[in-house]
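Q: Have a look at this prediction, sequence included:
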Amino acid sequence: MLMESSHLALKTTTLCAMEPRKTGKISHLETKNPGILQKLVSMGILPGMPVTLLRRSPSYLFEVDQTRYAVDREIANHIYVSY
């Protein structure tokens, strides 16, 4: 018997709204502030990179490419993740 695989839609949310220990891929960075965008890009936080949120308090601690980063809510709110 042939079974059709159902394709689940990816959920996209900000890093702030993710549950700790969830892993996803950075879908995009969204900010009108060029300083924040430049900071994220220089840190290597780029679309397509796998990301794992480790904790949300006291700061947002997440891992990208085997490097851990801690950022405040303002920065984490500009990072969009699909999972």
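A: Nice, thanks for sending it over.
Q: C-alpha only now, for contacts and for neighbours.
A: Will do.
Q: Excluding covalently adjacent residues, which one is nearest to the residue sitting nearest the centre point of the chain?
A: For the chain, V81 is the residue whose C-alpha lies nearest the centre (C-alpha atoms, centre = their mean; 4.0 Å). For V81, ignoring the flanking residues on the chain, the nearest one in space by C-alpha to C-alpha, 6 or more residues apart in numbering is I26 at 4.4 Å.
Q: ok, the one helix or strand the one you found maps to: who's next to it in the sheet?
A: According to DSSP states H and E, I26 maps onto strand 23-29. Sheet partners assigned to strand 23-29 using DSSP bridges are listed as strand 50-55 (antiparallel), strand 79-82 (antiparallel).
Q: And for V64, the neighbour number?
A: Per other C-alpha atoms under 10 Å, the neighbour tally for V64 reads 19.
Q: what's it in contact with, if anything?
A: Contacts for V64 (C-alpha atoms under 8 Å, 6 or more residues apart in numbering) come out as G44, I45, M49, P50, V51, T52.
Q: Separate out the buried members of the residues you listed.
A: Neighbour counting by 16 or more other C-alpha atoms under 10 Å classes I45, P50, V51, T52 among these as buried.
Q: Need the nearest residue in space to the first one, chain neighbours excluded.
A: Which is I45. V64 (7.0 Å).
Q: cool, and the last one?
A: By the measure of C-alpha to C-alpha, 6+ apart, the closest residue to T52 outside its immediate chain neighbours is T23, 4.2 Å from it.
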